[in-house]
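Enquirer: Okay, here's the prediction I keep looking at, along with the sequence it came from:
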Number of protein chains: 2
Amino acid sequence: MRKSKKLKSLVVVGLSVLLLTACGNLGSGGTTNTTTEKDSNSGYQTTGSTSGDNYAGVIVNGRYRTNKSRGVGIAQNSDNLYNLKSFESGLTEISKNVFSTKSYVFQEGQILSKSTVQKLLSRKSKSNKIGLNPVDNGKTDPNTRNPMYVQQIEEQDYMKEDGDGKLSLAGMTIGIGMNRKDYYQKEEYGATYTSTISKEEMVAQGKKAAQAVLERLRSTEKVPDNVPIVIAMYQQAENDSLAGGAFYAYTVVKSGDQISSWNNTDLATYVFPTASDDESPNSNDEAAFNSFKKRIQGFFPNLAGVTAQVQYKGSNLQGMKIKITTQFYSETEINSFAQYVTKAAKTYLPSDIPVEITILGSDGDMQALVSKDSGDDAYYMHVFSSY
Amino acid sequence: MRKSKKLKSLVVVGLSVLLLTACGNLGSGGTTNTTTEKDSNSGYQTTGSTSGDNYAGVIVNGRYRTNKSRGVGIAQNSDNLYNLKSFESGLTEISKNVFSTKSYVFQEGQILSKSTVQKLLSRKSKSNKIGLNPVDNGKTDPNTRNPMYVQQIEEQDYMKEDGDGKLSLAGMTIGIGMNRKDYYQKEEYGATYTSTISKEEMVAQGKKAAQAVLERLRSTEKVPDNVPIVIAMYQQAENDSLAGGAFYAYTVVKSGDQISSWNNTDLATYVFPTASDDESPNSNDEAAFNSFKKRIQGFFPNLAGVTAQVQYKGSNLQGMKIKITTQFYSETEINSFAQYVTKAAKTYLPSDIPVEITILGSDGDMQALVSKDSGDDAYYMHVFSSY
């Protein structure tokens, strides 16, 4: 519930920025080939990459080049903050399949403007011919109204340096977040109703939306015909989920404006412990999590809350993000607990996946981090303290 | 302000636990030599130590052995959460000078009971002969009333295993937190007034308090005469400080109940940027911090807040805890910023000290950690994301 409120304020901030900013539309001319000099005052720099697994990001004149549609990439009524975070980091992961972190530099989307993204996320209407969501049919019943299918859009640009030290657009990734549940109010501040969308309908509508965005991008001279465009489709989690959704498909359009085929990602997100009617792809993983949980939750007289977000590709576990909440009475308790958790993680959790364990106090403030990248043998432990 | 409220609720929770729990007083008999079996169900285990720099902590029957005075170790009206965290982690650091992390196991204090600690922190009175704070002289003027000198007390036990696999008390550390400012109300919920205590007065009162606690501990058979007791004196930071205070002196009493001499720690805590009338021991360090700050605070269109807690021993910098707060609009922004911060830290910050950099969103939630232990060459970067 707390998260939901935060998300709303995030969205509100984004929208208020929009109202204050005049922005060019898509296709308003100009070219993405930026004249730059590396590491000079007038030119571009990068954030540097801290590891081979991360993209370096574009900085111009000491300032980060932010997304042209910064803060408006999601439609209203999205109350699950995890969807937002999971969508954005998942999109970068999909991009890595196509654009190597070693050869490409990451740039926040510069083609789709704020107003274009807002129009795309809105309903089609007389005044909004490019809307990806269907016209308002005037109905308010969950089953007869036209639901909002498209919930989020994000553009990522992948740049390469040419011989003259100029950065030019060498690839693009578009993420599109699709609803299985569309939450709406019949009147402002009224009760929330839900239209449910079938998996088939979501996939079909997603393909239409992807095709429309692709055509729009290719129609502008900012996106040369031979620049590959990746379009990745994401299924939003329900609002009350303790995890975000997952990317279910993507396509790579090397040139032209037609999508010929889609790749299934086979990705799915689960929450441990699973509800009784839910089943994760590999019960051994949940058993391992349960052993870990059992070992640590009775450490203090007061029980600790332990949940995990897990991602699967088919039946293969891709990673775990575990959140532990308990009440601490001192820094020494935090330190001892973090060490115990580290030991238990090593004993019980799968060893070949990335694991992030965050330890929170009862006020929700982070007290310690225990984590491991997929290649690491040992866990890294950090206790947040103070001078 | 937010922190103050949290601290208050922490204290309140602590006190309510007290009211629900019956606890023996100091000197109520028994021995600390616990009959235990390592790694058996009836015996003790430890948390394990994640590195040679940390103590392993005592676990009994799968449960952490918490402090006997859990939650009551501080007097009321302490509004600076940093004092609490800094006191506890600083106390452990002082202990490491005397009790090696390789030979000793850490146990939360088991000698001083809740009610004893509460009495020690209260004013002396007819019904409380052991109070370390002076009698109430009935005055309410800041300059004529008797201020509260002693603000916090914490006991730490250091255990060794004997030949039979039993853990016994082999050392003790007592931390005593002293006020330079005593905040008080003349009536409940009334305005807050402040009595100021001179450095000399604080030191003198601290020595008296230390001697009284030492005698009390030695008078019980739970603390054998030959168990070394470390007493460490901490000066509380003012309530509006952005950092905690520092330990200014400690003594090691190998046996007996007399303190013969004190060691100055020469420790001091500062906040960067320093106020104009403040000066830190080495201006090069603050210049380095300012270069770092300047480099990163203009990364986004909105300015980032950058402050640091730093600790000195004489004129030698011991470590930095940097807090960066800015508004993020996406996970990719967080990722790019964290990489940039890592690069800037490597370029500008001193290389031979531990550095903790926490990156927070405008809602105060932690988004990324960049950190380095003193021996490390490279910084560790972790971005908190979601599935």
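Expert: Happy to help now that I have it.
Enquirer: From now on I want contacts and neighbour counts done on CA atoms only, so please keep to that.
Expert: Fine.
Enquirer: For the residue nearest the centre of chain A, which residues are in contact?
Expert: With distances taken as C-alpha atoms, centre = their mean, the residue of chain A nearest its centroid is residue A:87 (1.9 Å). Neighbouring residues of residue A:87 by C-alpha atoms under 8 Å, 6 or more residues apart in numbering or on different chains: A:175, A:177, A:234, A:244, A:245, A:246, A:247.
Enquirer: Identify, from the residues you listed, the entry nearest to chain B.
Expert: For these, the closest approach to chain B (C-alpha to the nearest C-alpha) belongs to residue A:244, at 5.5 Å.
Enquirer: quick one: the helices in chain A?
Expert: Using DSSP state H, the helices of chain A run over A:2-20, A:81-98, A:114-121, A:199-218, A:283-297, A:331-348.
Enquirer: between the fifth one and helix A:331-348, how big is the angle?
Expert: For the pair helix A:283-297 and helix A:331-348, the angle between their directions (axes from the mean of the first three to the mean of the last three C-alpha atoms, to 10 degrees) equals 150 degrees.
Enquirer: Please name every helix or strand in contact with helix A:283-297.
Expert: In this structure, helix A:283-297 packs against strand A:305-313, helix A:331-348, with contacts taken as 3 or more C-alpha pairs under 8 Å, 6 or more residues apart in numbering or on different chains; DSSP states H and E.
Enquirer: So which bits of that helix are buried?
Expert: If you call a residue buried by 16 or more other C-alpha atoms under 10 Å in any protein chain shown, then helix A:283-297 has these buried ones: A:285, A:286, A:288, A:289, A:290, A:291, A:292, A:293, A:295, A:296, A:297.
Enquirer: circling back to that earlier point, pick the most deeply packed of the helices and strands packed on helix A:283-297.
Expert: Mean neighbour count (mean count of other C-alpha atoms under 10 Å in any protein chain shown) peaks for helix A:331-348 among those, with a mean of 22.
Enquirer: What average pLDDT does that helix get?
Expert: The average pLDDT for helix A:331-348 rounds to 95.
Enquirer: For it, list the C-alpha coordinates in CSV.
Expert: What follows is helix A:331-348, C-alpha atoms only, in CSV (Å, rounded to 0.1, in the frame of the first residue of the first chain):
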residue,chain,number,x,y,z
GLU,A,331,23.4,-2.1,15.4
THR,A,332,25.0,-5.2,16.9
GLU,A,333,21.8,-7.1,16.3
ILE,A,334,21.8,-6.0,12.6
ASN,A,335,25.4,-7.0,12.2
SER,A,336,24.9,-10.5,13.8
PHE,A,337,21.7,-11.1,11.8
ALA,A,338,23.4,-10.1,8.5
GLN,A,339,26.2,-12.6,9.2
TYR,A,340,23.7,-15.3,10.0
VAL,A,341,21.7,-14.6,6.9
THR,A,342,24.9,-14.7,4.8
LYS,A,343,25.8,-18.1,6.2
ALA,A,344,22.2,-19.4,5.7
ALA,A,345,22.1,-18.2,2.1
LYS,A,346,25.4,-20.0,1.3
THR,A,347,24.0,-23.2,2.9
TYR,A,348,20.5,-23.2,1.4
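Enquirer: and that helix, how far from the chain's centre?
Expert: Helix A:331-348 has its C-alpha centroid displaced from the chain centroid by 30 Å (C-alpha atoms, centre = their mean, to the nearest Å).
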